[in-house]
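how does the following fold in three dimensions:
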Amino acid sequence: MARLARTPGIRVAFWTILVVAGLLLAELGAYSLSLLSRDLYSHEDRFLERIDFGTYQRYLESRFDPVVGWINQPGSTLTKETCTGNPIDHRANDLGAREYSSVDAEVVFVGDSFTWGSEVEDHEAYPAVLAGLAGIDVANHGVAAFGPLQATLRFEQVVDNHPSARIAVLGIMYENIRRVPTAYFPALYLRTRFHWGFKPYIARGEQLYIEPVPDITGADPKILVRSAFRDDYWAKPKARFPYTVRLLKTLQSNFVRLRIRGKLNEWSGIPKFAADYEDPDLSARLRFVMDRFIASAHERGIHPAIVFIPQSGNDLTSPASLIAEYQDSDATVFNVGDADMDWENYRHGPGCHPTPSGYRDIAYAVYQALRDRL
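Now for the predicted structure:
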């Protein structure tokens, strides 16, 4: 029996069984993880189940823009609930800017929902508050869900409507660095209800360049969505057999790689978005956009200002190193996180926009940074 156990055939069978058992255990573990941590894998199928395809044509007619992706519907009033359940009217004028915006504006604002002023009345958005502090006319061309590239392109679209403009302000929420390379907003945000977020983005070839909005008019929206999920910078593989291989692929994806680093940073007391700003590729893409905005403003004889806005008081420093690169430039680039603000009352909670008090604090920080030019 001892000799039999040492024969080559028996040894091969033993190791084959051992390897197969190990692979089966690994596959079982990877499969179990796919059930427990669904966000590790593509949410393409789950997202498609939620989409109301009946809204697609209406979106094309009311909000789609071939340059920036989407805009505020001109002349519209949108009523939305705040985090506290209060209905708020958001009014857009004929240019799609917030209602109080003036063609005689001396300061033109572009950015995302933090610039637009989501969850507060028209007069409580930070550009409106700054207008009162400085005693000047402003134009607020912020658009919810915008990334910095879209905001820059929107500035180039609308600025000629404001011949008196002296200052242009690009508002960048810390998290927005993640929006720069994505071609489809839902590929980055798992639970968004904004289904048609096809957008321009910064792509990388031999050099960085702007990849425009795809032509989505007349296309099959389901095909567009599936293609966007699979090709995006933040794409993740689907959870399916072989699960072990899929797990290895998802761990190498940009989405999981940076999200894991971000979570590890949070657990270690490091600012949430530090990993994003430390990433050479992401920071290079954002720098590309910032330089484009600065150059566009200067071409029109307008002073450029770039404002980094924290989501909450939990991270006030992530973009500090990038901001430092521009301190000797001919633009005003600053961090609202450096201001003395009431962070306890900045917003109502996670996932919420600033409170009226929070927006006032942002306005005062911007006013202080630009005071000599206002």
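
got any ranges where the stretch 151-300 of the chain has weak pLDDT?
Residue ranges of the stretch 151-300 of the chain with pLDDT under 70: none are present.

which parts of it are strands?
Taking DSSP state E, counting those that start in this stretch, the strands of the stretch 151-300 of the chain run over residues 167-173, 201-204, 208-211.

turn those strands into a markdown table, including mean neighbour count.
(Glycine included, C-beta is placed from N, CA and C.) As requested, the strands of the stretch 151-300 of the chain are exported to a markdown table (neighbours: other CB atoms under 10 Å):
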| stretch | mean neighbour count |
| --- | --- |
| strand 167-173 | 26 |
| strand 201-204 | 19 |
| strand 208-211 | 14 |
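
got those as TSV, with distance to residue 231 columns?
Converted to TSV, the strands of the stretch 151-300 of the chain look like this (distance: least, CB to CB, whole Å):
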stretch	distance to residue 231
strand 167-173	25
strand 201-204	11
strand 208-211	11
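
next secondary structure element downstream of the longest helix along the chain?
In the chain, taking DSSP state H as the definition, the longest helix is helix 8-36. Next helix or strand after helix 8-36 toward the C-terminus (DSSP states H and E): helix 44-50.

could you give me the buried positions within that following helix?
44, 47 (16 or more other CB atoms under 10 Å).

what's in contact with stretch 84-99?
Stretch 84-99 is contacted from outside by 71-82, 101, 116-122, 125, 127-128, 139-143, 158, 161, 348, using CB atoms under 8 Å, 6 or more residues apart in numbering.

in that stretch, which residues are buried?
Residues 88, 90-93, 95-98 are the ones in stretch 84-99 that count as buried (16+ other CB under 10 Å).

what is residue 167 paired to in the beta sheet?
Note on residue 167: beta-bridge partners residue 107, residue 303, judged by DSSP bridges.

now do the longest helix of the chain, average pLDDT.
Confidence over helix 8-36 (mean pLDDT, whole number) is 79.

now do stretch 47-59
Regarding stretch 47-59, the rounded mean pLDDT is 92.

now do the same end-to-end measure for it.
Its start and end residues considered, stretch 47-59 measures 18 Å (CA to CA, to the nearest Å).

what's the offset of it from the middle of its chain?
On the basis of CA atoms, centre = their mean, to the nearest Å, stretch 47-59 sits 21 Å off its chain's mean C-alpha point.

also stretch 261-281?
Relative to the centre of its chain, stretch 261-281 is centred 16 Å away, using CA atoms, centre = their mean.

just the CA atoms of that stretch, as CSV, please.
Listed next in CSV are the C-alpha coordinates belonging to stretch 261-281 (Å, rounded to 0.1, in the frame of the first residue of the first chain):
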residue,chain,number,x,y,z
ARG,A,261,-8.9,53.3,-1.4
GLY,A,262,-11.5,55.9,-0.4
LYS,A,263,-13.0,53.6,2.2
LEU,A,264,-9.7,52.7,3.6
ASN,A,265,-8.8,56.4,3.9
GLU,A,266,-12.1,57.1,5.7
TRP,A,267,-11.4,54.3,8.2
SER,A,268,-7.9,55.6,8.7
GLY,A,269,-9.1,59.1,9.3
ILE,A,270,-7.7,60.3,5.9
PRO,A,271,-10.0,62.7,3.9
LYS,A,272,-12.6,60.8,1.8
PHE,A,273,-11.5,62.0,-1.6
ALA,A,274,-7.8,62.2,-1.0
ALA,A,275,-7.3,59.0,-3.1
ASP,A,276,-9.0,60.6,-6.1
TYR,A,277,-6.8,63.7,-6.0
GLU,A,278,-3.7,61.6,-5.4
ASP,A,279,-4.4,59.5,-8.5
PRO,A,280,-2.1,60.8,-11.3
ASP,A,281,-4.6,60.0,-14.1
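
now it: buried residues?
By neighbour count on 16+ other CB under 10 Å, the buried set for stretch 261-281 is 261-262, 265-266, 270-279.

do the same with stretch 221-229
Of the residues in stretch 221-229, those buried (16+ other CB under 10 Å) are 221, 224-225, 228-229.

need the contact partners of that stretch.
By CB under 8 Å, 6+ apart, the residues outside stretch 221-229 that reach it are 42-44, 47-48, 51, 53, 56, 183-184, 186-187, 195-196, 198, 214, 216, 235.

related to what we said a few turns ago, ok, which pair from the buried residues of stretch 261-281 is furthest apart?
266 and 279 (16.1 Å; CB to CB).
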